[in-house]
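Enquirer: My questions concern the predicted model and sequence given below.
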Protein chains: 2
Amino acid sequence: MDVVGKSIRRPDAAEKVTGQATYTGDLEVAGMAHAKVLPSPYPHARIVRIDASRARALSGVFGVVTRHELTDIEPYYGSDVKDRPIVAIDRARYEGEPVAAVAAVDLATAEAALELIDVDYDVLPIVAAIDDALNPMSISLHESNLCHEAHYEWGDAEQGFAEADHVFEDTFTFPMVYHYAMEPHTVIAHYDETGIRVWTAAQHPFLIRNELARLYGLPLSKVQVTIPYVGGGFGSKSYIQLEPLAVALSREARRPVRLAFSVEQSARTVRRHSARLTLKTGVRKDGSFVARDCKIYMDAGAYTDNSKRVTARCADRIPGPYKWPHITVTSQGLFTNTGPAGSFRALGGPQAAWASESQIDIIAAGLNMDPLELRLKNVAAPGEMIRHDKNPLDADVATGLQKAAEFVGWEWPRPKEQPTQDGKRRGVGLACSVLNSGASPTSTALVRLHADGSATAMVSTVEIGQGSRGVMAQIAAEELGIDLDKVAVVASDTSTVPYDRSTGSSRSTTLVGLAVQLGAKEVKQQLLDLAAKHFEAPVDKLSTKEGSVVFGEEGVTYAALIRQMFGGPAGELMGRGYVTPQAQGRLSGLPVFWEMSVFAAEVEVDERVGTIRVLRLVSVADVGKAINPKQVEGQDEGAAMQGIGHTLFEEQVYEDGRLLNPNLIDYRVPTFEELPEDFETILIENEDGPGPFGAKGAGEGGIVAVAAAIGNAVYQATGVRIKDLPLTPERVWRTLQRDGKG
Amino acid sequence: MDVVGKSIRRPDAAEKVTGQATYTGDLEVAGMAHAKVLPSPYPHARIVRIDASRARALSGVFGVVTRHELTDIEPYYGSDVKDRPIVAIDRARYEGEPVAAVAAVDLATAEAALELIDVDYDVLPIVAAIDDALNPMSISLHESNLCHEAHYEWGDAEQGFAEADHVFEDTFTFPMVYHYAMEPHTVIAHYDETGIRVWTAAQHPFLIRNELARLYGLPLSKVQVTIPYVGGGFGSKSYIQLEPLAVALSREARRPVRLAFSVEQSARTVRRHSARLTLKTGVRKDGSFVARDCKIYMDAGAYTDNSKRVTARCADRIPGPYKWPHITVTSQGLFTNTGPAGSFRALGGPQAAWASESQIDIIAAGLNMDPLELRLKNVAAPGEMIRHDKNPLDADVATGLQKAAEFVGWEWPRPKEQPTQDGKRRGVGLACSVLNSGASPTSTALVRLHADGSATAMVSTVEIGQGSRGVMAQIAAEELGIDLDKVAVVASDTSTVPYDRSTGSSRSTTLVGLAVQLGAKEVKQQLLDLAAKHFEAPVDKLSTKEGSVVFGEEGVTYAALIRQMFGGPAGELMGRGYVTPQAQGRLSGLPVFWEMSVFAAEVEVDERVGTIRVLRLVSVADVGKAINPKQVEGQDEGAAMQGIGHTLFEEQVYEDGRLLNPNLIDYRVPTFEELPEDFETILIENEDGPGPFGAKGAGEGGIVAVAAAIGNAVYQATGVRIKDLPLTPERVWRTLQRDGKG
């Protein structure tokens, strides 16, 4: 291949490193007003009265939205359950929830107007966390505090436990974490009689289009959602967040309105589900897994957002890549008076893997077995079923585990290591998981070949930092057989590029890339038909090469064929790519691929103070075919760093329903200081994925098994098992003290 | 038909009348600099030295373009001949020609920087007008002062004159006029390492793309030309004008640059060709035309721009709709030191019709014949050839003439009318012409059908005031069989919508509309294929109706079919429309249609002061099928009003190479005061055009024959024949005095 498989420089590199790239916040829309939101000061309160008349009368105020301005539209939205009000209607359910919003000539005026909005609150008791939500005496946030329950089982777990030689039961917790994308939520909206236009920092333009069309009663064709470059998402910009409010403001203000959240506001808007997971696992003496019973509780926050999917995915992912004869899984998402939880890279995966893979090592210790051997004994091979209702596994986890183990010099029994003079101990750990990819096989693309033989690929993938534009260009260039620098990519605008479901679920290269490849193939077919006339030769005697159609010794350039068709240097050819569940054999059934997460880590624990240093970290990713290897590695390593965050540092802390640390001083994310000294991604490329050139998804796997690999390494180093994240120095030190190991 | 043929309200109506619509000048591009141009103070001067170092050193200046900054690119551009420098290189050839340009933090800084550019000029003699250009002793602006010569002949004109009973020879002049679109030329350009992005008020986005790609050595895919609403063009925004300079400034300034011309600057940038036309016409006693010899001189100004086409089209159009046994036509475009002449509504048509149709009435008077009868005797019928190298006539001029005559109560002999008490005389006049349409049959479109059954038509037609968006929506809605309000139109951006040659030549409804119709048909075909599976029925038993595919008594909505295909409320169908000379039988050969211009006018001349009032004006337009009748009439009436401008008022006046009247005080355009009291467009709709539903082009015809109809009416009123436009009160009065009629 000429272009695919090469680590080309991404086309947005120069503009991004020079600060020229345009994000939503950089846009200036003619006549744009500026908006501010009045946040609820209480985590739970009934709104008795709200009167914005003084605010509305302030000079420079163009429009105010309160619940009174929502009576003629659908006021509730959501990607799934429509339970989130555009602004609070009867109650505010989390501290910071928008209660009203103002659009004004500038931000200072909008701020001043907020002070003039009179609200009478009736403060309500709060549901602070999972235990409150499970308490039947607690107040209900919605009809009940159960947001969603996912359940499945096969075999007979009770019978399995009876057959088991040993049963292990452990409870793990996973913290509430925030995505901390560099760019907070920002929207510019314009509502007028021709429809709605929205510019937003979002991952799912077409789903936003659907929801805005529903709220405002418009056909899909009259809602345009445009996504400039996005400064990171990781799920925080999935589905729909501020867009309905920005549109409501524009409708009131009768002009475009810019609504830009601060980090503090964004941190309350969406986050990852904290979780408590109790696993009861039965095994035979030889280590074979017999049965598992899993109870998962996830904190969904105040509104449903994507909690149904997350709750279900965590349940899907708790078995790991293993063959369980008997399993029972129940996963509940629960409402609390905290910021809503939604999508976050690998929905439910890190929570599930933290619990499951920590317990695998607990079991290995209990059986005095090599944790690697225990995994290899139970792991499913490619082609085997790990869920009776899903496609067979298509990832080679065993090979991944072996490669990861090799990277950290895995030995068993582990040679006893003495603490260094300064009281530091080292240990290695392994962990693995598989994700049933959430990728929906519903993508389309259009490939346009211009009169000079250059091409434009039209795709809806959002450029969110992942480097999608270069990858789509590589796929189009390879399939068309033209130079990469002749290919432009136009992306992420619902009115100008064709449908794609979403940017997320590790799906873009595989599914949108496939749509681009199919579009390029349709262009080629038209070229071959034109060339058949040109050469007076049958199509099956023709081939394409380097921008020409070739017949024997002769060639005719694509440009010449287009010019012949249009009678001059004019016109273009268009090729459509439709990816549907039906049309592509390999995409029928779900998941369209399994994404593997395999990690090995070596850590050094300073037992005197509880700090953990990750010395070595390796991820093995089965990507089918890396279109741009360096970018895949970058994605995977970025995910691993994000995983180090929730493993060692990150946690949103709520006290009495108030978020204490919505900023980078109090909420610690990993920095380059925490970069493992030896940090690598190993790519497995069997060209066996359903995507173009055998690609399959990557980008989520890299975050999933990090915590357990590090936790298992900490155990190997110290002999202490910590079941709660993050592994902060304080928590490590206290646990060492408690267990008498400090 | 449900939608086509209805005078729907145009979708941009509300935003335009409320001032909300966004034009290029309204855009704010992040980081945008502001530019000013240093104009040549001389109409003709050699540039001896230019030094911008002091300007470049001024604080706030981001970049300066002089000839020295153009050495690494192609510095000359043009739609046809590449003779126009981005800024003057060796010489400046008209007063106001850009000699340098500055991009700065604001306009005041840019203005200040212009003062700091040192230029040494060597002033040259000028070629003031046509006679100078024809004088071999004059200095040459380019290789010679002949810009272009078009010539054709058939039969043997000399023999024809020998056979004629009477030979008439007359010379007519047509003034230099300016389009006076409400919006002057405005461009924002951004050049960076990813390519070029341009937002511009222009009619031909894809031709600008071609030319910028050539100048800057880029593939077509890397040049994006976006056209917001355009505030009128009429040809002034055809091809390429300020865009290369704006891009050059951005390249120097390393950021987006806005370059907005004042009306004064725009008036020097492009205009219509003034012309002198000498016609020698031989007729028989019975009025049959035998021979014609035409000599046309057109003032092309300083650069070629579109003068080759205009010179040729004036030649093409001078025969009118008549069958000439013998004809010889020579048309020369000549360089002068005035602002370049380019495209203007109906290239060369008004000049040709003014001369030809005035002379027809002179002949009628000479033969003492009814001018209507003389025309009807000689006019070609539909299907007859009027040029041996062109498609046969497809417009019914004779019917048009009769309808027009009827409207003004044509009688012959004309009843002698006494002047009114206040010295006013009335007269009626007729004129007709046909335009070989310049429309190139090279258009493409894409029609997208969304998951709710709404649709988007992607077309490159520029919304220039003509109402194209509504018309394209009507065509798509009609062909798809869906409600009009479900159709959106996305237009005029070379990176997001497919190729179209240009917005002009009365071509958009016919050719882009046809592409939309073809695209809709391809969508329908996909729906029928899906429905065939759905119903398990053959496609030929299915039909479409009101957003559903119907099989017998059963129906399935488009939305349901798309959801079935994509497995949920997702996806979309795309249909491509390719209009090429080959693909559509009716478009082979040129012109793709003949556009007819038929006018009758009644005027009242105040002989004491020379003023003319147009009492009645009727235009008969053969439009094949009016997609939106009210809009066609609006277009036609707008054209007629513009024709009244050059007939009665408008003329750019140059003195010693200096334009004296580049503003609305000194250059008079028609106002609503001049609206004829009785003003009508009669549409002929035989559904026989090559466009969708039988449409053919309109929009240019309405300007062509106005002047001659009014001139002929003035003759009928006063007995005085004026051969020079405009028919200002002074000119009318002087002529009346000279002829002893005043």
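Expert: Arrived safely, thanks for sending.
Enquirer: just for chain A, where's the confidence low?
Expert: A:583-586, A:742 (pLDDT under 70).
Enquirer: wait, doesn't A:A315 sit right on A:I296?
Expert: Yes - here A:A315 reaches A:I296: they are 6.3 Å apart, a contact under C-beta atoms under 8 Å. The way it works is simple: take the backbone N, C-alpha and C, and place the C-beta from them, glycine included.
Enquirer: Quickly list what's touching both of these two.
Expert: By C-beta atoms under 8 Å, 6 or more residues apart in numbering or on different chains, A:A315 and A:I296 have these common neighbours: A:V329, A:T330, A:S331.
Enquirer: Most neighbours among these, which one?
Expert: Counting neighbours by other C-beta atoms under 10 Å in any protein chain shown, A:S331 leads those with 28 neighbours.
Enquirer: Now do the contacts for that one.
Expert: The contact partners of A:S331, by C-beta under 8 Å, 6+ apart, come to A:149-151, A:294, A:296-298, A:311-312, A:314-315, A:318, A:348.
Enquirer: Over to A:S437?
Expert: With C-beta under 8 Å, 6+ apart, A:S437 has these contacts: A:S505, A:S506, A:R507, A:P591, A:V592, A:F593, A:W594, A:E595, A:G697, A:E700.
Enquirer: Equivalent analysis for A:P498, please.
Expert: Counting by C-beta under 8 Å, 6+ apart, A:P498 makes contact with A:T444, A:A445, A:L446, A:M458, A:V459, A:S460, A:R576, B:R448, B:E572, B:M574.
Enquirer: Give the helix, strand or coil label for the first one.
Expert: The assignment at A:T444 comes out as strand when based on DSSP: H, G, I helix; E, B strand; the rest coil.
Enquirer: so the closest residue to it other than its chain neighbours is in which element?
Expert: Distances taken as C-beta to C-beta, 6 or more residues apart in numbering or on different chains place A:P498 nearest to A:T444, at 4.1 Å, with adjacent residues excluded. Using DSSP states H and E, A:P498 maps to neither a helix nor a strand.
Enquirer: and the gap between A:P498 and B:G575?
Expert: Per C-beta to C-beta, to the nearest Å, A:P498 is found 12 Å from B:G575.
Enquirer: Identify the contacts common to the two.
Expert: With C-beta under 8 Å, 6+ apart, A:P498 and B:G575 have common neighbours B:R448.
Enquirer: on that earlier part again, now the residue nearest to A:T444: how far from B:G571?
Expert: From A:P498 to B:G571 the distance is 9 Å (C-beta to C-beta).
Enquirer: Next: A:A639.
Expert: Taking C-beta to C-beta as the measure, A:A639 and B:G571 are separated by 29 Å.
Enquirer: Next: A:E193.
Expert: 28 Å.
Enquirer: So for the two, which residue has more residues nearby?
Expert: B:G571 (25 against 11).
Enquirer: the helices in the stretch 151-300 of chain A, which residues?
Expert: Per DSSP state H, counting those that start in this stretch, the stretch 151-300 of chain A carries helices over the ranges A:157-163, A:205-216, A:243-253, A:263-269.
Enquirer: Name the stretch among those that sits most buried.
Expert: Highest mean neighbour count among the helices of the stretch 151-300 of chain A (mean count of other C-beta atoms under 10 Å in any protein chain shown): helix A:243-253, with a mean of 27.
Enquirer: the inter-axis angle of it versus helix A:205-216?
Expert: Counting by axes from the mean of the first three to the mean of the last three C-alpha atoms, to 10 degrees, helix A:243-253 lies at 50 degrees to helix A:205-216.
Enquirer: Using the three-state scheme, assign A:G25.
Expert: The three-state label given to A:G25 by three-state DSSP is helix.
Enquirer: and the nearest residue to it once chain neighbours are set aside, how many residues sit next to it?
Expert: Of all residues not flanking A:G25 in the chain, A:T186 sits nearest, at 4.7 Å (C-beta to C-beta, 6+ apart). By other C-beta under 10 Å, the residues close to A:T186 number 25.
Enquirer: any idea how far B:M32 is from A:T186?
Expert: 20 Å.
Enquirer: same check, this time on A:E417
Expert: For A:E417 relative to B:M32 (C-beta to C-beta), the value is 62 Å.
Enquirer: is chain B contacted by stretch A:690-707?
Expert: No - using C-beta under 8 Å from any C-beta of the partner chain, we find that stretch A:690-707 stays clear of chain B, coming within 15.3 Å at best.
Enquirer: mind checking the end-to-end distance for that stretch?
Expert: Terminal residues of stretch A:690-707 are spaced 29 Å apart (C-alpha to C-alpha, to the nearest Å).
Enquirer: same thing with stretch A:653-663?
Expert: Stretch A:653-663 has an end-to-end distance of 11 Å (criterion: C-alpha to C-alpha).
Enquirer: Give me the nearest residue to A:S460, chain neighbours excluded.
Expert: Per C-beta to C-beta, 6+ apart, closest to A:S460 is A:D500, 3.5 Å.
Enquirer: May I have the secondary structure class of the closest residue in space to A:D483 that isn't next to it in sequence?
Expert: Take A:D483 and drop its neighbours on the chain: the residue closest to it by C-beta to C-beta, 6+ apart is A:A477, 6.6 Å away. With three-state DSSP as the basis, A:A477 sits in helix.
Enquirer: what's the neighbour count on A:A477?
Expert: 22.
Enquirer: hang on, isn't A:T496 packed against B:T496?
Expert: Yes - counting by C-beta under 8 Å, A:T496 touches B:T496, with 3.7 Å between them.
Enquirer: who touches both of these two?
Expert: A:M458, A:V490, B:M458, B:V490.
Enquirer: Restricted to strands, list those.
Expert: Among these, the ones falling in strands (DSSP state E) are A:M458, A:V490, B:M458, B:V490.
Enquirer: Would you mind giving those as JSON lines with neighbour count added?
Expert: Listed next are these as JSON lines, based on neighbours: other C-beta atoms under 10 Å in any protein chain shown:
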{"residue": "A:M458", "neighbour count": "31"}
{"residue": "A:V490", "neighbour count": "21"}
{"residue": "B:M458", "neighbour count": "31"}
{"residue": "B:V490", "neighbour count": "21"}
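Enquirer: quick revisit: any idea which of the contacts of A:S437 is the one closest to A:D90?
Expert: A:S505 (34.2 Å; C-beta to C-beta).
Enquirer: Run a quick neighbour tally on the nearest residue to the closest one once chain neighbours are set aside.
Expert: Sequence neighbours aside, A:G438 is the residue nearest to A:S505 in space, at 3.9 Å (criterion: C-beta to C-beta, 6+ apart). Look at A:G438: counted by other C-beta under 10 Å, it has 27 neighbours.
Enquirer: surely A:G438 meets A:L511?
Expert: No - between A:G438 and A:L511 no contact is recorded; they are 11.4 Å apart, counting by C-beta under 8 Å.
Enquirer: which bits of the stretch 201-350 of chain A sit near chain B?
Expert: On the criterion C-beta under 8 Å from any C-beta, chain B has as its neighbours in the stretch 201-350 of chain A the residues A:F206, A:N210, A:A213, A:P219, A:L220, A:S221, A:K222, A:R255.
Enquirer: In space, what's closest to the last one - neighbours in sequence excluded?
Expert: Nearest residue to A:R255, sequence neighbours excluded (C-beta to C-beta, 6+ apart): A:G31, at 4.9 Å.
Enquirer: can you give me the helices in the stretch 451-600 of chain A?
Expert: With DSSP H, counting those that start in this stretch, the ranges of helices along the stretch 451-600 of chain A come out as A:468-480, A:513-535, A:558-566.
Enquirer: Domain parsing of chain A, as residue ranges.
Expert: A:24-124+A:182-232+A:236-269, A:349-437+A:590-738, A:440-586 (automatic domain parsing).
Enquirer: Count the residues that sit near A:D286.
Expert: 10.
Enquirer: ok so, going back, so where does the residue nearest to A:R255 fall, helix or strand?
Expert: Here A:G31 is assigned to no helix or strand, by DSSP H and E.
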